[in-house]
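Novice: Quick one, fold the following:
(chains A, B and C)
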Amino acid sequence: MTIDPFAPLLKRLRLTSDLSPEVEQSIRRLPITIRRMEGGQTIVATGDRPAVCCLIVDGFVQRSKIVGEGSRQILAFHQPGDIPDLQSLYLHVLDHEVTTLGDCTLGFVPHDPLRAVVRNNPDVAEALWRDTLIDAALFREWICNVGRREAASRLAHLVVEVYERLAAVGRVTGLSFKFPATQVVLAEAIGTSTVHLNRVLQELRTKGLLEIERGAITIFDLEGLRHAADFDPLYLHLDPAL
DNA sequence: TCATTAAGTGCTT
DNA sequence: AAGCACTTAATGA
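Specialist: So this is what the prediction gives:
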């Protein structure tokens, strides 16, 4: 059973950048160590000085910060093909945590050869820079989400975002996908109490928009959910036509 | 882990 | 002043 750990990354980068075969080869030739991790494990923690970047091959991870006396804000979810700690390549001390959401297959790429590829290939540098800018666009949208939308819209927005990003790389069939987030995790992502998360989840359920259970999300009414979420996909920058 | 209730806080209108 | 969105605390499946 041979897997190509770079396939999800390349597929995603191709959405936003033209990659020549030579450029793809230079990425594929990077050394990578594949590791399997269970859910709830820390990949890198605040204060770490990693010497490797983490490429998600399969599964989901979350980036988070602990605020005050231990309450946690989830900042982003990442999916196969993402490099959640790409910033550690040039920002040497990590300012937040990266943890596995469910069981994951991860690929660890040493910084030195990755930096060398970036230096020698302006196209790779551009593709990764673009990727980082899109990451920042997602953070902007999350600020709007947590700061200005109501809780039901926030949850709907989160679900549509995850769906759209997975769909963009062909990782959903139909309107159902695996996403192992508990209600506690979802509440930490949208910045509400778990009680209120539970309430708005039921609201969306009752409206026939979605179902979230046992680590999977099923969307029943994508248009209705988009509307409830006030969702404009522009910030994802995934439409090659734009 | 998820669901529900009671009682309260503090914005917004 | 009233209504609403949300919280904390507690309880039980």
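Novice: Please determine how far the spatially closest residue to residue A:112 that is not a sequence neighbour is located from DNA strand C.
Specialist: Spatially, and ignoring its direct neighbours in sequence, residue A:112 is nearest to residue A:51 (8.0 Å; CB to CB, 6 or more residues apart in numbering). Any C-beta I mention is one placed from the backbone N, CA and C, and that applies to glycine too. According to CB to the nearest atom of the strand, to the nearest Å, residue A:51 stands 38 Å off from DNA strand C.
Novice: Run through who's touching the lowest-mean-pLDDT helix or strand in chain A.
Specialist: Sorted by mean pLDDT, DSSP states H and E, the helices and strands of chain A end with strand A:210-213, the least confident at a mean of 92. The list of residues contacting strand A:210-213 from outside it, by CB atoms under 8 Å, 6 or more residues apart in numbering, reads A:156, A:159, A:179, A:181, A:186, A:201, A:204-205, A:217-221, A:225.
Novice: Now with 10 Å, please.
Specialist: Contacting residues not belonging to strand A:210-213 are listed as A:155-156, A:159-160, A:163, A:175-176, A:179, A:181-183, A:186, A:201, A:204-205, A:217-222, A:224-225, A:228 [CB atoms under 10 Å, 6 or more residues apart in numbering].
Novice: gap between the residue nearest to residue A:112 and residue A:66?
Specialist: Counting by CB to CB, to the nearest Å, the gap from residue A:51 to residue A:66 is 24 Å.
Novice: what's the neighbour count on residue A:37?
Specialist: The tally of other residues near residue A:37 (other CB atoms under 10 Å) stands at 18.
Novice: Model confidence for it, exactly?
Specialist: The per-residue pLDDT reported for residue A:37 equals 96.
Novice: Could you list the buried residues of stretch A:72-88?
Specialist: Of the residues in stretch A:72-88, those buried by neighbour count under the rule 16 or more other CB atoms under 10 Å are A:72-86, A:88.
Novice: hmm, that stretch touching DNA strand C?
Specialist: No. Using CB under 7 Å from any atom of the strand, we find that stretch A:72-88 stays clear of DNA strand C, coming within 11.7 Å at best.
Novice: now do stretch A:229-238
Specialist: No. When contact is scored as CB under 7 Å from any atom of the strand, no part of stretch A:229-238 falls within range of DNA strand C; the minimum is 13.1 Å.
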